[in-house]
Structures are given as C-alpha cells and as structure tokens.
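Colleague: Fold the stuff below for me.
(3 chains)
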Amino acid sequence: MAIADLDLDLDLELFAGPFDLLMAVVLREEVSLLDLQLGEVVVAYVEHLEREGELELEVATEFLVLIAALLELKSRLMLPGPEEELDELKPEEAVEELIARMLEYRRYRDAAVELSARFESERGYLYRSAPLPAELRRVAVEAASAVYDPDALGTALGDLLTEPPDVDLSHIRPTVSLERRLRALRDALLRRKDFDFDDEFGGEDRLTQAVTVFAMLELYRKGEVTWEQSECFGPIRVKKVAPTNIGKGA
Amino acid sequence: MSDLSRTVEALLFLSPQAVSAKELAEATQASEGQIEEAIELLREDLAEGKRGVVLREVSGGFSLASDPGSEEAARRLLAKPRTPPLTQAQAETLAIVAYLQPVTRPEIARIRGVSSESGVTSLAERGLIEESGRSQFGAAIFKTTELFERLFGLSGLDQLPDPSRFDPSPEDERELRERLLKAGEQRAE
Amino acid sequence: MSDLSRTVEALLFLSPQAVSAKELAEATQASEGQIEEAIELLREDLAEGKRGVVLREVSGGFSLASDPGSEEAARRLLAKPRTPPLTQAQAETLAIVAYLQPVTRPEIARIRGVSSESGVTSLAERGLIEESGRSQFGAAIFKTTELFERLFGLSGLDQLPDPSRFDPSPEDERELRERLLKAGEQRAE
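Modeller: Purely as a prediction, here's the structure:
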C-alpha cells in the first residue's frame, strides 16, 4: 500500500501528474528516463514533505528505494557504447529489476524488525566485565624462568649511587661590582687602620683583585685611603686616611 | 554439585568472553563429554528464575549473565544507562551485514537504496559490526562481532532467524507488481 | 532463594569492586536489614566448597570471587604471563627494594628523588615485590618475592651482583643505604 498512499502531485517540465503514474509511464517507456530530471522529482517530494509537515517512514523509505533504482537505471542508459544489452533494457525488464530491488529491500526490512525485537528482549541480560584477579595477571612461580639480567639491578643501583655532578657554571660570565669592592675596602678599613692587600684580598680571583685596586683608586681620589709599595710586585700596605687629616690638609 | 561443574562455573565467572566446551575441556583437563555433563548440571542450577545469575549459550560458547529481573537495580548500582534501542536505519543495516557478511558498504547502500554511512558508523561505534579488510576495489568490508552475538543471545550466526522467513510471499510480489502498473494505468485512463 | 537475594547475587556478580550493604540497599530499594537477610542466604549458598563462586566479605563490603580450587584451570584458560622489559623507573625501584629490603615507600622515594608510586604499584602487580607489614610510622614496607628470584635466575638474595662493582663502592648495607639516601637528596634539590 505504501507508495500508492503517497499523494505526490508532480508538475515537471516533462510530466505533470501523480508520482505513481510517473513510475508507471517511466516503466512503460512512455516517458524516456533519459529526459526525466530525477532531481526535480526529489525536490517535489521534499516540498511535499514540508507541506505535509510529517514524514511517514515507510513511504519515505520506499520512495528512496524507487528513486535510487531509477537513478541507477538512468545511469546505465547514459553509459556510452558497447554494453548494448544494458542500453536496450526493455520496459518489462525494468519493471522486473525494480520489483526485484524492492523485494530484496523488504526482506532485510522485515529481518530488521525481528532483530530489533530480539535486541529488545535480550537487553536485560548483563555480562560481567571485571579485570582478572591479580594472581592470574602474573606469571606463576612454578612456570617462571629467568628472563631478566640481575646486572640490570646492579646498574640501576650504580646510577642511584652516583651523586649528581656540581652544576657547571662555566658558561656564566663572572661580574664584579665596583660598589661591592668599595664596600669591602671600607669594611676592612673599619676593622683596622692599615692592612696588607694580599692578606685581605689575596684569596680572591684575579678579576676581583683588579676591581679592588680600582676601588682603592676611587677611595684615594676621595681622600679616604692611601698606600705604600716599596718595590715592584712587592707587598702593598693599605692605610686609612683619618678624616681629621683631610680637614687639616684642606 | 560436582568438582568439575564448580570449576566450570568459576571459569565462566572469570572469563570476559564466552568459553567453548573445547576450551573448558583443555583448561580443566577433562573430556568434552565430562564437560557436557558438568554444563548440564550448571544448566539446571542456573536456569532462569533460580538464582541471580543464569547460564547462557552465546557466540560459540558458554557465558554467565545476570538475571534480567535485576536489570534495573544493576543499572542503578553501576550507573549504566540503558542502551538505546536500534534505530530503523541501524536495524536494517545490521540485518544486511548479519545475513550477507562479509559485505561492503556500497552493497549495503545498494540494498537499502540510500547511503548507509551513518548506520554503519553507529553500529561500528556500538561494537556490533566491525571492518574486516577491504574489497579488491578498496571498499570497507563489514562483519558482525562477538558482542553482536552476545547482545542478541545467539550461540552462533547459524542461530539467526531463517532468512527464508523473510522472503516475500508470491502474493506480496504480485501485489507489488500490480500496484506499480495498475495505479499508473488507472490514472492514465 | 528470595527475589532480593537473587538480585543481590546479580549485583555482586556484575560489580568489579566490592559493594557495601548501603549501596546494595540503594540499588535494590530495600532496607539494610533486608539486605542483611539476603546476604545471609547467599552466605550459605555461596560458602566455600559449595559452588564455583564464593561470597567474600572485605572491608568495603561484599564481592564474589572464583573458588580458589579453580585457580590452576583458570590459569590455563586465562593467564597471560607477561614479562615485558623493566622501565628505568621500575629497575631503579626494584634495585632499591632488592638491595635494601625491607624498605619503606618513603625511603624509596627519597633515594630516587621522585615519587615512586607507579613504579611500586606496577612491580607489586607483576608480583616482583610485595608488602610485608608496616613501619612503626605506618608506611608500607616492601620486599622482593620468590617470583622475583625466579625471574632474575637468582638462587637467593646473596646472588645479587656485588654493589662494589658499581663505583663508588660502599662496603656494607648500612653504608650503602646512607650513600643512596645522600645521593637521592642531592638529586631532589
């Protein structure tokens, strides 16, 4: 009954009338499938659906099967050349093809109903899904054979025993601040009025010692310090200049 | 209950998949005949309505399942929503795959008359069908899964309803033919 | 068997974890008293030696487990003995346990300089180490297992490679422990 219930009136370039009539005239070759714009039929059907506002599933499915079959037949007709027996598809053959197609579809449609019912009636059975107990997830002691090398443990232990190397700072450039050296000099002079440069700063690196000499020059300029060196490369005696002296000198 | 049936029950309890009589025999080092007997005892003890667990024969073997009467409580406990029913597109696609497997996607579409992309995808997502290689033209080939047999309570694909049951009757066929032609003729008059 | 005990049995069958009486009551919409009765029935039916499945009462509640007598058959059917290579984290953790045992989890973490949770768990799951009590402060104490000795082909723990082979060379176990801890603390800085 289904497709006959489809009240679809078509107004196509080539054909005006109901859909099932179109099917009949196509099958009897009163209208050439080659000239028929199947797209127009589909558009008409979609418009029909919009007007109706509801989709009757069975009718819609059958419509789709028919249109699909027509499309396939038409594409065969459009194939060029040698496959002549295809080109000469007789109307009766087209009917048979269409019917066979629809019957085949129906078979699976009915099987689907049965499967759905079965699915429904089976849904209450639930199966267990749990991990295996731990003892089944590992090798049995009796079945275990040596697969690991004990040295791997020794090596891992050796890695753990190795203390991490000191962080390498060689890529960082040392900088020595003149400010800080000035402070160090003044601090040293607070403790003692005079001291030997090497005693005080001999432990510093060369750069720090050099900057400290710059700081001494700065303090000399300010009149805070003076020094003595009796010979080249000899010891340097640094001396504080008393503020009173500065006052007197000025 | 015999020692062997107890062991068989334990194996079915532990195994995530259905276990065949042959596998049970190997694991218990018993004969298949003894396994048959043990299963027979279990079948009685775990018949529907007796306990909370029932013995089922699915996908080529035996499996334990919870009694359907406890489904609601189980879903509450496990916070597992009920699986939605199959849509018509899914059911049709599944029927085609189940009866024709292995079958390609274009073949499914040809029979249904529509592209079956979404039906195929959703069934694969639900684990009911799976790809099993490619045809010589590169189309994906599908077959049903073990889960399909389990969820449909089938002990094997041969337990699917006889497909000849779905053959259209000669009357159906005649009716269809007449309808296609007659309807047109009437209107053509 | 009452309907409620059947449902409780089904729930315990399905749940991968132990289920408390409260959870059972909620899922079945019964009172905890009724659950107690249902469990009592199950306790009789599923006592050890009766079926392939036994009722277990653990701290978190109730669960079903396969009968211990079926372990051998279960192993033949299901066990997938896996001995994949050890990861660096596993090898380090295992070395610490092997050389210093018994050793606590915090000590392992201190020596490695990182949390060793997953290494400890995976080694315990694979049966290479096991908990052997608690320290006075409640920390789990670990030692290696018999399976460990088998898988490393050791006839005893004294067969472990001499740590003095690996530079630097501590002389006794106490010194080894101290050096390991010291190196670990430096790593953690």
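Colleague: Let me know the secondary structure of the one residue sitting closest to the centre of chain B.
Modeller: Note on chain B: the residue nearest the mean C-alpha position is residue B:149, at 3.1 Å, using CA atoms, centre = their mean. Using DSSP: H, G, I helix; E, B strand; the rest coil, the secondary structure recorded for residue B:149 is helix.
Colleague: before we move on, which element is the closest residue to residue A:131 other than its chain neighbours in?
Modeller: Closest residue in space to residue A:131, ignoring its immediate chain neighbours: residue C:16 at 6.6 Å, by CB to CB, 6 or more residues apart in numbering or on different chains. In this view, the C-beta of every residue, glycine as well, is placed from N, C-alpha and C. With elements delineated by DSSP states H and E, residue C:16 resides in a region that no helix or strand encompasses.
Colleague: May I have the phi/psi pair for residue C:16?
Modeller: Dihedral pair for residue C:16: phi -70, psi -20, per degrees, to the nearest 10.
Colleague: residues making contact with stretch A:172-192?
Modeller: For stretch A:172-192, the external contacting residues (CB atoms under 8 Å, 6 or more residues apart in numbering or on different chains) are A:195, A:200-201, A:205, A:207-208, A:211-212, A:214-216, A:218-219, A:224-225, A:238, A:240.
Colleague: Next, the buried residues of it.
Modeller: Buried residues in stretch A:172-192, counted by 16 or more other CB atoms under 10 Å in any protein chain shown: A:176, A:181-182, A:184-185, A:188-189.
Colleague: closest to chain C among the residues you listed?
Modeller: Using CB to the nearest CB, residue A:176 is the member of those that lies nearest chain C, at 27.3 Å.
Colleague: What pLDDT is listed against that closest one?
Modeller: Here, the pLDDT recorded for residue A:176 equals 80.
Colleague: which residues does the residue lying closest to it once chain neighbours are set aside contact?
Modeller: If the residues on either side of it in the chain are set aside, residue A:176 comes closest to residue A:211, at 4.4 Å by CB to CB, 6+ apart. Shown here is residue A:211, whose contacts under the criterion CB under 8 Å, 6+ apart are A:176-178, A:181.
Colleague: Include secondary structure and distance to residue C:187 when you put those into TSV, please.
Modeller: Shown next, in TSV, are the contacts of residue A:211 (DSSP: H, G, I helix; E, B strand; the rest coil; distance: CB to CB, whole Å):
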residue	secondary structure	distance to residue C:187
A:176	coil	33
A:177	coil	34
A:178	helix	39
A:181	helix	37
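Colleague: shouldn't the residue nearest to residue A:131 be in contact with residue A:133?
Modeller: No: in terms of CB atoms under 8 Å, residue C:16 does not count as a neighbour of residue A:133; the distance is 10.9 Å.
Colleague: Quick check on the two: which one has the bigger neighbour count.
Modeller: More crowded of residue C:16 and residue A:133, by other CB atoms under 10 Å in any protein chain shown: residue A:133, with 14 against 10.
Colleague: which ones are touching the more buried one?
Modeller: B:14, C:65-66.
Colleague: Could you tell me which of those belong to helices?
Modeller: Secondary structure defined by DSSP state H assigns residue B:14 of the contacts of residue A:133 to helices.
Colleague: about what we covered before: what about the residue nearest to residue A:176, helix or strand, and which?
Modeller: Element membership of residue A:211, judged by DSSP H and E, is helix A:206-221.
Colleague: Can you show me the CA trace of that helix as CSV?
Modeller: Coordinates of the C-alpha atoms in helix A:206-221 are reproduced here as CSV (Å, rounded to 0.1, in the frame of the first residue of the first chain):
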residue,chain,number,x,y,z
ARG,A,206,92.2,37.9,39.7
LEU,A,207,89.3,39.9,38.4
THR,A,208,88.1,40.7,41.9
GLN,A,209,91.6,41.8,43.0
ALA,A,210,91.8,44.0,39.9
VAL,A,211,88.5,45.7,40.6
THR,A,212,89.5,46.1,44.3
VAL,A,213,92.6,48.1,43.0
PHE,A,214,90.2,50.2,41.0
ALA,A,215,88.1,50.7,44.2
MET,A,216,91.3,51.8,46.0
LEU,A,217,92.0,54.4,43.3
GLU,A,218,88.5,55.7,43.7
LEU,A,219,88.9,56.0,47.5
TYR,A,220,92.3,57.6,47.0
ARG,A,221,90.5,60.2,44.8
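Colleague: And it, how far out from the chain middle?
Modeller: Counting by CA atoms, centre = their mean, to the nearest Å, helix A:206-221 is centred 59 Å from the centre of its parent chain.
Colleague: Which parts of chain B are helices?
Modeller: Residue ranges of the helices in chain B, as given by DSSP H, are B:3-14, B:21-28, B:32-45, B:71-78, B:88-100, B:105-112, B:117-125, B:146-151, B:170-188.
Colleague: closest to residue A:96 out of those?
Modeller: For residue A:96, the closest of the helices of chain B is helix B:170-188, at 8.7 Å, according to CB to CB.
Colleague: Show me what from chain A comes close to chain C.
Modeller: A:126, A:128-141, A:143-164 (CB under 8 Å from any CB of the partner chain).
Colleague: Now list the buried members of the residues you listed.
Modeller: The neighbour-count criterion (16+ other CB under 10 Å) marks A:126, A:128, A:132, A:136-140, A:144, A:148, A:150, A:152-158, A:160-161 among the residues of chain A next to chain C as buried.
Colleague: Not counting stretch B:27-35 itself, show me its contacts.
Modeller: The contact list for stretch B:27-35 (CB under 8 Å, 6+ apart) reads B:4, B:7-8, B:11, B:19, B:21-22, B:24-25, B:38, C:73-74, C:76-77.
Colleague: one more time with 6 Å, if that's ok
Modeller: Applying CB atoms under 6 Å, 6 or more residues apart in numbering or on different chains, the contact partners of stretch B:27-35 are B:4, B:7, B:21, B:24-25, C:73, C:76-77.
Colleague: what about the helices in chain A?
Modeller: Taking DSSP H as the criterion, chain A carries its helices at A:19-27, A:38-52, A:57-78, A:84-87, A:91-122, A:150-161, A:178-191, A:197-201, A:206-221, A:243-249.
Colleague: Out of these, indicate the one that is most buried.
Modeller: Here the criterion is mean neighbour count by mean count of other CB atoms under 10 Å in any protein chain shown, and of these the winner is helix A:19-27, at a mean of 23.
Colleague: Quick check: chain neighbours aside, which residue is closest to the residue nearest to the centre of chain B?
Modeller: Counting by CB to CB, 6+ apart, the nearest residue to residue B:149 once its immediate chain neighbours are dropped is residue B:59, at 3.6 Å.
Colleague: Could you tell me how many residues sit around the one you found?
Modeller: Summarising burial for residue B:59: neighbours were counted as other CB under 10 Å, giving 25.
Colleague: Surely residue B:101 is in contact with residue B:148?
Modeller: No: using CB atoms under 6 Å, residue B:101 makes no contact with residue B:148, being 10.1 Å away.
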